[in-house]
Each structure stands twice: as C-alpha cells, then as structure tokens.
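Chemist: Okay, predicted coordinates and the sequence, questions at the end:
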Amino acid sequence: MTPHHDRSPWEPEDRGMNPSDNESFVTVLQRATLRRRSFLKGGSSLIAASMVGMGLAVLGDTLKPDKIAARAATPEGLDLNFSPVAKTLTDQVTVPAGYTVNVLMATGDPLTNRVAPYKNDGTDTDFEFRSGDHHDGMHFFSLNPRNVNRGILCVNHEVCEDLGFVHANGPTDYGADNTNARPMAEIDKEVNAHGVSIVEVVKQGNSYAINKGSRYNRRVTAATPCDLTGPVRGHQKMVTSYSPQGVATRGTVNNCANGYTPWGTYLTCEENWWGYFARREGADVRPAQEEYALQRYGIKGDTSGRYNWARLGANDTTDVYARWNTAKTSDRPDRDFSNVANTFGWIVEIDPLEPDSRPQKRTAMGRFFHEGCWPAPAQAGRPVVFYSGDDARNEYVYKFVSAQMWSDRDQEGGLEAGAKYLNQGTLYAAKFNADGSGEWLPLTLDNPAIATYTNYTFADPADVLINSRIAADAVGATKMDRPEWGGVHPVNGEVYFTLTNSVSSSSGRGTKTPLDPANPRFYRDEKGDATNAGNVNGHIIRWREAGNDHAATAFTWDVYLFGAQADAGDEVNLSGLSAENDFSSPDGLWFSDAAPGLLWIQTDDSAYTDQSNCMMLAAIPGQVGDGGMKAIANKAVPANGGADQTVTTYAGQAANPTTLRRFLVGPKDCEITGITETPDGTAIFVNIQHPGENSTSATNPAEFTSHWPDGGSARPRSATIVITRNDGGRIAR
C-alpha cells in the first residue's frame, strides 16, 4: 500500500492562517519548587519520552521578585565543563566524551508487564498500553524529595509517524481525493499513539528504567474522555453529539510541548489539532461569522483530515470515529460534531498521582495552537502566571494571569487547585514595540478593540476565549516567527522564547509582512535557494517584565541569539556563532533547576542539514540589554519582490564557546525536543523525535534514512534517552 501523498512530511506550521494587518515582530524592529505534595516534588526532571518541544523543570524554591532583581544576571561559578561536540551526519546520538546515552522508552515499548515486547514490524497492537509516538514535551515529578531514585515521568506524543512505520505495510491508501475508507484497526492504533504517557521511572545503576508494575503507569490518548472546564464549559459552541451539555469531549491530540503547575500537576498542550478534522467542500455551509472563525483556525472545507480518521464509511457507527468529522450534518449541534473543533486547542491538565482522574481542558487559558505552557515562579499573595506561544507563522505570544492569588497551602491541591487557579483569569497577547518596550494586551470583551472589532462580532466573553486568535488580531498583537518553547530564567526572572524560523514563501516575511528589529533578516537559505528566503535560521527573544513582576502589563525586550551557520556573512551570523556553537531553527528551550542559569537549546532544522543533524546546545545567557544595536542590510530576493532594507535591531552580546557550546547531535532526520532532569542534575532526559523522517518507504530497509535506536535494518523509532556522566557528576558543569 502507498501512503497518503500529503503525509511525508506534513508541516502544519508552514501554513499561514493570519489575515490581519497587525504588525509583525520584524516590522517592529525595523522602525526602531514548586512542589506537588510532601512526597511528590517537581524536580528538574527525568524524561521518559516526548516529541517536539521542551519540558520545563519545576523550580525548587520560590523566587520573590524583589530578590530576583538583587541577584546577579549570571550565577557565580556556573560554567560549561565539557568539550563541544562537532557537527555530524552519523546515525547515532553523539555526546561529549565522559558521558553515556541509554534509551529509556521508544515508540511501542510496553508500559506494563501485561503487554508483549515491541516487534517493530507493524504488527504490534495495544497502543493504549504502549509508549506513544513522536515523543515531545515532558516533565519529571520526583516521588521522594530526599533522593532521585523514583519519579513519575509525563511525556507528550505529538503525532503518529507520518510514513506509517507502526503499520505492517504502511497506511492504507487514502485515494487521490483523500476520501477512501480506512481500516478500523489502523485508525485505532494511530489514535492511541497520540496523547501522553505517564510512567514511573526508577534508578538502575547509573541510569533509569520504567517500573512496569507501577500503579501510576497509564496512557492518555486521542480517545480519552476529557472534561471542559472554566468559562467555556456549557457554552453553546461546545455542544456536540458526544456532550449535548457542552461539558466534555473525547481525546487530546497533537500534544507538543508542556508545562507543570505549583500544585504538582502536568500540563499538556494541543498544537496542530486543526489538521485532524474532516470537512469536505460543498457538504458544509455555515453563517459568515462561523465560517470566518473556522478559516482563522485553518479548518477549511476541502479536507478529510491528516489521517482520514473520519473515513470509516458504513462502519462509522459510533462517536469514536464520527467525531473527527466537523462538517454540519444536522440542523442541531447536539446531533452532529459541527462544534467538535471548538473542544480542541486548549491546555489540558493531568494529575500524575491520580490514575483514575480525568484530564481537564482549562478554557480560561485560551484556544489556539498551544506549543507549551510555562510557569513563572509562584509567589504567595500574587497571581499565578503562565506563558504560551501559538506555533504557526505570523501568530502570537500569550500570557495567562490567574484571578486568584497564590497560597502555599495549595501545593498539595491537585486538580482541585487547578480549578481554583486556571478556571478564572485574564489572557493577554504580546505587542513588541520598536523602541524595545512591550505591552500585554488584555483579551477581554471589556477591551474596546475587541468589543468593536469589525471582522468578527464576539457573542460573549467565552467566545473571546474560543477564538483567542481573532481577539489577538483585534487588539493589534505582534505577528511572530513561529513562537515555540519558552522558559523563565530562575535567577533573574527574564522570559525566553524561541522563534523557530519564517520562510517568506509561506509567511510573507519581507514582502507582505515587513521586517522589523525583532525579526530583521530576509535572505536566501544557505544553499542559495531564493524560494526559501526569509528568517531561515530563526532566533531567540527574551524580555524582562516591568518591576520583575510577571503579572505586569509592560516589559522590555531584545534578541538573545540569532541562528546561523558559522561561515555565513555578518548580515546573517549576527551573533558571531562559531563551529563550536552554530545552530539553526531553535525549538526546544529549557532552564535547569539543578544548575540555575544553565539554559538548554534544541533544534528542529531543515536549513543546513547537509552539514549536521539536529542538535542540543548548553548556554549561560546574560540579561536583557547586555548587547547593543545592530544595523542589518537585507538584500531583496527577486523571486519575492520588495526592495533592499536596512533594519536596526536590539541584540544580545555576541556568542562565544565559553557561554554557548554544542552538547549533543542526534541521529539522521530527527528533531531534538523535550528535556528534563533529576533534581540533583546528574541525569537529563531528552527526546529524539522522528528519526528517519525522510525515508521513502515504511517497509523497505534500503529506503530508511535512519535505523535508530535499534540499528541494523530496523524501522526507526522516536525515543526518550537518559544521559549521565560516567563519574556520576552533574551534567554540563
């Protein structure tokens, strides 16, 4: 059988959906511990398996804003004590001398003793009891704060391998028009390969293994019942045949990056959920306002969905499959799934200590393509704050500020505390100004820009949250170059976010979407390809909230690092990267807790993969304003029109191998994503996602571009690895 022609690869982030005239970040620049319960401590994290993104470690101690300001920008005595790893194209995980890599959990590995070992030939079933696919964001919760021998690892599984390595002969052909019915067994396997794995891990020797007999081990999948909570619960736009009251939905999908809470729960984030729903042309006519909202989220009337899960034909007798069809097939929303897409795109809270609890979709935090959800340190008597990015071209950065003030008494609160802090609050979108200042714009119906927006009429406050993207359009938030992972510096409180890249052919950067100081580059890729012009290599921004108060509505910002090849010209290699630390397309980003001030950067690159596989770097960043101004001359690319432009940007200090160096290079065609550590920092967990992504067959080993991690002629698998120092010391320092 041949796979669906759109599935290898499928890059949803490349599809622009923002028709607003809001300024881009580029335009702007051109103009001018937390702990869970007494026995469950969120530590810097072990990882079990995850796919895209990064796992943010739980901070061991709460940092008060006034004390943050008094601390040094870089902790004394923090340095990088390993030799930089060279770029490589080998099909293995390469780390510095003196370190060891072990595979903890790969796609299909059993999570219980009741399931047979994974054969990796496409015949395995029971994915509801196995590790999912495409490991992404993750977090480690220590079960014993006095040692690091046991913990619970929560790992996201973003998608099921597009080429179909989990099927014996690859996926059944969808047909030229994507409407062929698919076997139920294939759909069930793919549905269960999505979601989250929750596993207990135990220390064995100098590494870790899964305790397959643990009562904590379970899967949350794209079929798991979830509660809708917060302001949108019971809203008419949430009514479906599955939940006529609009209070529940089934499943969570495209779980990319993640977060955690001060009360010890896990946050998984629904990113490119839009691509899972069928909606065929001519079969679905909606009112103009409803159609506008569907289009703004990419749900057009010409798709059968990424996997054709709705295509069971006569066998489609239950909501398990019909719910993937969001077309209007009835005159009543409680008799079809015309509203089902509104039940996805949320932050989902999971209690790792309560295996029988239901995941909670926290609607007060807004609906968009959540890459992740990263907390600021909790402070008694102050709101709880979370940061999130919408990972698509020309989308926005958001912040949620709780209505309730944090109380240390809620550290053991579980999902009950989640309801207290996450069901009420204010969602903001970021505006980056050309003078290096910034504003957080409230997304509420009280905001006149939203109440009087001409492109869309919001019915009520809940509608603002259901259509957060449109609300951000209305207030004039800044269009960004794919906001992905974020993190809060544990020493100085500054916030970091990766902007992976922006290719002009899909984003309009440099033409329709002008350049600015925060996104100041417009150039051909390193191969000289003018069709891939724009901000090809990406960059990392950072900001300092006013008064070091994360609930503030003003901030100052600059660009920490610009990705580039070391041998690129000065107009591209703005951060002065060298062979020891050059990188492209930053994606995962995570601050260590065991080594405060140590930052990890992970890549998801396609710009110069002829020189290196994707990688992970260790960094010791400074602070906002430690660099200067740069004038960048951009050459117009004839294929894209426009004129030469000079952009002045705010940049951090030039990089050097003392404060930035490459620690890891992954196997072929992979993405490096997700990272966490043990509380003592002697083991880190990293996810290797979709090795062999560019293979041309799911069954012929000669056409696999990778055989990692099993080697030989094996089908490649995503996996979580454990990295330790041979001498038992802390990682990287």
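Modeler: Ah, there it is.
Chemist: tell me, how many neighbours does the spatially closest residue to Lys189 that is not a sequence neighbour end up with?
Modeler: Nearest non-adjacent residue to Lys189, counting by Cβ to Cβ, 6 or more residues apart in numbering: Phe127, 5.4 Å away. Glycine gets a C-beta too; all of them are placed from N, C-alpha and C. Using other Cβ atoms under 10 Å, Phe127 is surrounded by 25 other residues.
Chemist: What's the separation between Phe127 and Pro171?
Modeler: Distance of Phe127 to Pro171, computed by Cβ to Cβ, to the nearest Å: 15 Å.
Chemist: Ala310 now?
Modeler: 15 Å.
Chemist: where does the stretch 1-150 of the chain dip in pLDDT?
Modeler: 1-16, 23-77, 146 (pLDDT under 70).
Chemist: Please enumerate the strands of it.
Modeler: Under the criterion DSSP state E, counting those that start in this stretch, the stretch 1-150 of the chain contains strands at 35-37, 40-42, 99-106, 135-142, 150-157.
Chemist: what does the stretch 451-600 of the chain give?
Modeler: Applying DSSP E, counting those that start in this stretch to the stretch 451-600 of the chain gives strands spanning 480-481, 483-488, 495-499, 502-503, 534-535, 539-545, 554-562, 586-591, 599-603.
Chemist: can you list those in a markdown table and add mean pLDDT and mean neighbour count?
Modeler: Output for these, formatted as a markdown table (pLDDT from 0 to 100; neighbours: other Cβ atoms under 10 Å):
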| stretch | mean pLDDT | mean neighbour count |
| --- | --- | --- |
| strand 480-481 | 92 | 28 |
| strand 483-488 | 97 | 28 |
| strand 495-499 | 97 | 27 |
| strand 502-503 | 82 | 26 |
| strand 534-535 | 80 | 29 |
| strand 539-545 | 97 | 25 |
| strand 554-562 | 95 | 24 |
| strand 586-591 | 98 | 28 |
| strand 599-603 | 98 | 28 |
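Chemist: could the ones you listed go into TSV alongside distance to Pro514?
Modeler: Putting those into TSV (distance: least, Cβ to Cβ, whole Å) gives the following:
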stretch	distance to Pro514
strand 480-481	13
strand 483-488	18
strand 495-499	16
strand 502-503	12
strand 534-535	12
strand 539-545	17
strand 554-562	17
strand 586-591	23
strand 599-603	27
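Chemist: Where in the chain is the helix or strand with the lowest mean pLDDT?
Modeler: Across the helices and strands of the chain, mean pLDDT, DSSP states H and E gives its lowest value to helix 65-70, namely a mean of 27.
Chemist: Is Ala341 part of a helix or strand, or is it coil?
Modeler: Secondary structure assignment for Ala341 (DSSP: H, G, I helix; E, B strand; the rest coil): helix.
Chemist: what about it, how many residues close to it?
Modeler: Neighbouring residues of Ala341 were enumerated by other Cβ under 10 Å; the total is 23.
Chemist: which non-adjacent residue is nearest it?
Modeler: Thr326 (4.8 Å).
Chemist: quick one: contacts for the nearest residue to Phe141 once chain neighbours are set aside?
Modeler: Computed as Cβ to Cβ, 6+ apart, the closest residue to Phe141 that is not its neighbour in sequence is Ile152, at 4.6 Å. Neighbour list for Ile152: 40, 140-141, 143, 198-201, 216, 352-353 [criterion: Cβ atoms under 8 Å, 6 or more residues apart in numbering].
Chemist: which one of those has the most neighbours?
Modeler: Of all the contacts of Ile152, the highest neighbour tally under other Cβ under 10 Å goes to Phe140, namely 33 neighbours.
Chemist: What's the separation between it and Asn217?
Modeler: Phe140 is 15 Å from Asn217, by Cβ to Cβ.
Chemist: rewinding a little: dump the contacts of Ile152 into CSV; add distance to Asn726 as well.
Modeler: Below are these laid out as CSV (distance: Cβ to Cβ, whole Å):
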residue, distance to Asn726
Leu40, 30
Phe140, 22
Phe141, 27
Leu143, 26
Ile198, 30
Val199, 26
Glu200, 26
Val201, 20
Tyr216, 30
Pro352, 31
Leu353, 34
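Chemist: Tell me the one among the residues you listed nearest to Phe685.
Modeler: The nearest member of those to Phe685, counting by Cβ to Cβ, is Phe140 at 6.8 Å.
Chemist: Can you say which helix or strand has the residue lying closest to Cys373 once chain neighbours are set aside in it?
Modeler: Nearest residue to Cys373, sequence neighbours excluded (Cβ to Cβ, 6+ apart): Gly259, at 3.5 Å. In this structure, Gly259 is located in strand 255-260 according to DSSP states H and E.
Chemist: ok so, going back, could you identify which of the strands of the stretch 1-150 of the chain is most buried?
Modeler: Mean neighbour count (mean count of other Cβ atoms under 10 Å) peaks for strand 135-142 among the strands of the stretch 1-150 of the chain, with a mean of 34.
Chemist: Now stretch 693-709: average pLDDT?
Modeler: Per-residue pLDDT over stretch 693-709 has a mean of 97.
Chemist: so what secondary structure elements neighbour the strand holding Gly259?
Modeler: Contact analysis of strand 255-260 by 3 or more Cβ pairs under 8 Å, 6 or more residues apart in numbering; DSSP states H and E lists strand 135-142, strand 150-157, strand 266-270, strand 374-375, strand 671-677 as its packing neighbours.
Chemist: one step back: which pLDDT does the model give the residue nearest to Cys373?
Modeler: According to the per-residue confidence, Gly259 scores 97 in pLDDT.
Chemist: so who does Thr303 touch?
Modeler: 178, 275, 277-280.
Chemist: Who wins on neighbours among the residues you listed?
Modeler: When neighbours are counted by other Cβ under 10 Å, Phe277 leads the contacts of Thr303 with 26 neighbours.
Chemist: all helices for this structure, in order.
Modeler: Remark: helices assigned in the chain by DSSP state H are 25-31, 65-70, 184-193, 288-296, 319-322, 414-422, 448-451, 461-466, 468-475, 504-507.
Chemist: Between these, which one is closest to Glu580.
Modeler: Nearest to Glu580 among these is helix 25-31; the distance by Cβ to Cβ comes to 27.8 Å.
Chemist: can you tell me the average pLDDT over stretch 455-465?
Modeler: The pLDDT scores in stretch 455-465 average 98.
Chemist: Contacts for that stretch, please.
Modeler: With Cβ under 8 Å, 6+ apart, stretch 455-465 has contacts from 20, 230-232, 235, 237, 289, 292-293, 363-364, 366-367, 427, 443-445, 450-451, 467, 470-471, 473-474.
Chemist: go with 7 Å
Modeler: 231-232, 235, 289, 292-293, 363-364, 366-367, 427, 443-445, 450, 467, 470-471 (Cβ atoms under 7 Å, 6 or more residues apart in numbering).
Chemist: quick one: terminal-to-terminal distance for it?
Modeler: 16 Å (Cα to Cα, to the nearest Å).
Chemist: again with stretch 702-720
Modeler: From its first residue to its last, stretch 702-720 covers 25 Å (Cα to Cα).
Chemist: can you list contacts of that stretch?
Modeler: Looking at stretch 702-720 with Cβ under 7 Å, 6+ apart, the contacting residues turn out to be 47-51, 91-92, 103-108, 120, 133-135, 155, 165, 667-669, 685, 687-692, 694-697, 701.
Chemist: contacting residues around the nearest residue to Val464 once chain neighbours are set aside?
Modeler: Distances taken as Cβ to Cβ, 6+ apart put Ala471 closest to Val464, at 4.9 Å, once the chain neighbours are dropped. Contact analysis of Ala471 by Cβ under 7 Å, 6+ apart lists 443, 450, 464.
Chemist: which one of those residues sits closest to Val384?
Modeler: Using Cβ to Cβ, Leu443 is the member of the contacts of Ala471 that lies nearest Val384, at 17.5 Å.
Chemist: is it true that the closest one touches Ala472?
Modeler: Yes - under the criterion of Cβ atoms under 7 Å, Leu443 makes contact with Ala472 at 6.4 Å.
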